[in-house]
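Asks: 3D model of this:
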Amino acid sequence: MNYFLIAGERSGDLHGANLLRAIRRHDPAAECRAWGGDDMAAAGAQLLRHYRDLAFMGIWEVAKNWRTIRGLMAECQEQILDFKPDVVVFIDYGGFNLRVAKWAKSQSIRTFFYISPKVWAWNQQRAWRIKRDIDRLFVIFPFEVGFFKKYDYDVDYVGNPLFDAIAAFRPAPDFRAKYQLGDRPLIALLPGSRRQEVTGILPRMLLAVRHFPQYQFVVAGVSNLPRSLYENLIAEHALPIITDAAYDLLSHAEAALVTSGTATLETALFGVPQVVCYRTSALTHAVGRMLIKVPFLSLVNLVAEREVVKELIQGELNEKNLITELQRITIDASTRQRQLDGYAEIRAKLGEVGASERAGELMVKYLRNGQ
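Replies: Below you'll find the model as predicted:
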């Protein structure tokens, strides 16, 4: 069968690659074209667009690039029609993917969605759109089953794919030596994978550096952004930058400052105490405050349903608060232990490895059975 996958960011590329491998195990003749990244290409997809071309974040950024985004959607639709897939599989990245899904449904093309848009967090009315336009939804948090039940929509809970990604990770034995990190304990700076995140949040994270000379701060970079972007931002501090090796960094880190997103949950699953950081444009933040329906921003706290990690958002992301919270998770043993205990609760809630395998097997089964 033919599969067209669309992932619009780095984490989606990782999970899309694992999903594709699972699909191929259950459908060895599978042909796949994709919008994604290097991981999906390595898993056997014919890559038509890289996710770096889709890195638009925030209301203002989307608005000013709307003509470009519309052009990308038209290109994607044309490629789907040319390929004639048995199904289009959307992976997270709700803003773009839901629009393409609506079009695909109008063309009588099967639509599957893996890793639901976080409609339970904000703009919950989008759940009706998902029910209308998505034939099968594969969710990764157990509470999502009950949420969609309120809309009379049955979904498949497959578990969280981060367990698969972390289980497949093998630490580099020479990590410290390779990056000349010395013997000081490490604090990881994870500023996100989009340009807007890095430029808006990394300078704030750096405010803490001079107050913790006993630690080596390390920036986790990504290859879809130019190294010069990081170098210009950290010029005063001359910190090491490690590229595409966040898991290696987390496996050695004593603590972390993390931009809100998937990385907060990854950091928790590695057992690294963290402070969650987030800052966006005033317009995006103002609109978000009106639409967001959940009490927390980070996935860690949302899954735990309580504050496990401190969230510093907008004006709260300042030097004083960063110093205070970073001291609490590095020096205060009781605070560190409370976070680690919270992480254990989260692991228990999310289950175990195998999400990609379960999702891939179900997708192939549903397609073969015409479900």
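Asks: got a list of what E352 touches?
Replies: Each residue near E352 by CB atoms under 8 Å, 6 or more residues apart in numbering is listed here: G159, F163. All C-beta spots, glycine's among them, are computed from the backbone N, C-alpha and C.
Asks: would you say it is within a helix?
Replies: No: under DSSP: H, G, I helix; E, B strand; the rest coil, E352 falls outside any helix and is assigned coil.
Asks: for the stretch 51-200 of the chain, which spans come out with low pLDDT?
Replies: By pLDDT under 70, the weakly predicted segments of the stretch 51-200 of the chain are 55-66.
Asks: ok, and the closest non-adjacent residue to the most centrally placed residue in the chain?
Replies: For the chain, the residue nearest the mean C-alpha position is T262 (3.7 Å; CA atoms, centre = their mean). Distances taken as CB to CB, 6 or more residues apart in numbering put S11 closest to T262, at 4.4 Å, once the chain neighbours are dropped.
Asks: now the one you found: which helix or strand?
Replies: Assigned by DSSP states H and E, S11 falls within helix 10-26.
Asks: beyond that helix, next helix or strand please.
Replies: That would be, after helix 10-26 and using DSSP H and E, strand 31-36.
Asks: and that next one, which strands flank it?
Replies: strand 2-7 (parallel), strand 46-50 (parallel) (DSSP bridges).
Asks: how is the chain carved up into domains?
Replies: 2-159+354-369, 172-350 (automatic domain parsing).
Asks: mind putting those domains into TSV with distance to A165?
Replies: Formatted as TSV, the domains of the chain follow (distance: least, CB to CB, whole Å):
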stretch	distance to A165
domain 2-159+354-369	6
domain 172-350	8
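Asks: buried residues in the helix or strand encompassing T199, which are they?
Replies: Per DSSP H and E, T199 falls inside helix 195-205. Buried residues in helix 195-205, counting neighbours by 16 or more other CB atoms under 10 Å, are found at R195, Q196, E197, V198, G200, I201, L202, R204, M205.
Asks: that helix - contacts with which helices or strands?
Replies: helix 227-233, strand 253-259, strand 274-278 (3 or more CB pairs under 8 Å, 6 or more residues apart in numbering; DSSP states H and E).
Asks: what's the local residue count around P171?
Replies: 12 (other CB atoms under 10 Å).
Asks: let's verify it: helix, strand, or coil?
Replies: Quick answer, by three-state DSSP: P171 is coil.
Asks: please report how far the spatially closest residue to it that is not a sequence neighbour lies from L189.
Replies: Once flanking residues are discounted, P171 sits nearest to S251: 4.9 Å by CB to CB, 6+ apart. Going from S251 to L189 by CB to CB, to the nearest Å gives 16 Å.
Asks: who's in contact with the helix or strand hosting the residue nearest to P171?
Replies: Taking DSSP H and E as the definition, S251 sits inside helix 246-252. Helix 246-252 has contacts (CB under 8 Å, 6+ apart) with 166, 169, 171-172, 175-176, 181, 186, 188, 190, 218, 220, 242, 256, 263, 266-267, 270, 272.
Asks: let me know the closest of the buried residues of helix 195-205 to R136.
Replies: E197 (31.0 Å; CB to CB).
Asks: wait, the closest one sits on L190?
Replies: No: at 9.9 Å, E197 and L190 do not qualify as touching, with contact defined as CB atoms under 8 Å.
Asks: picking up where we left off before, from the buried residues of helix 195-205, pick the one nearest S334.
Replies: M205 (24.5 Å).
Asks: doesn't I187 make contact with the closest one?
Replies: No: taking CB under 8 Å as the definition, M205 is not a contact partner of I187, at 9.6 Å.
Asks: and the helix or strand where G342 lies, what does it pack onto?
Replies: Using DSSP H and E, G342 sits in helix 333-350. Helices and strands touching helix 333-350, by 3+ CB pairs under 8 Å, 6+ apart, are helix 262-269, helix 299-304, helix 319-330.
Asks: if we go to 6 Å?
Replies: helix 299-304, helix 319-330 (3 or more CB pairs under 6 Å, 6 or more residues apart in numbering; DSSP states H and E).
Asks: Serialize those to JSON lines and add fields for distance to L72, mean neighbour count and mean pLDDT.
Replies: Compiled in JSON lines, these are given as follows (distance: least, CB to CB, whole Å; neighbours: other CB atoms under 10 Å; pLDDT from 0 to 100):
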{"stretch": "helix 299-304", "distance to L72": "27", "mean neighbour count": "22", "mean pLDDT": "91"}
{"stretch": "helix 319-330", "distance to L72": "37", "mean neighbour count": "18", "mean pLDDT": "97"}
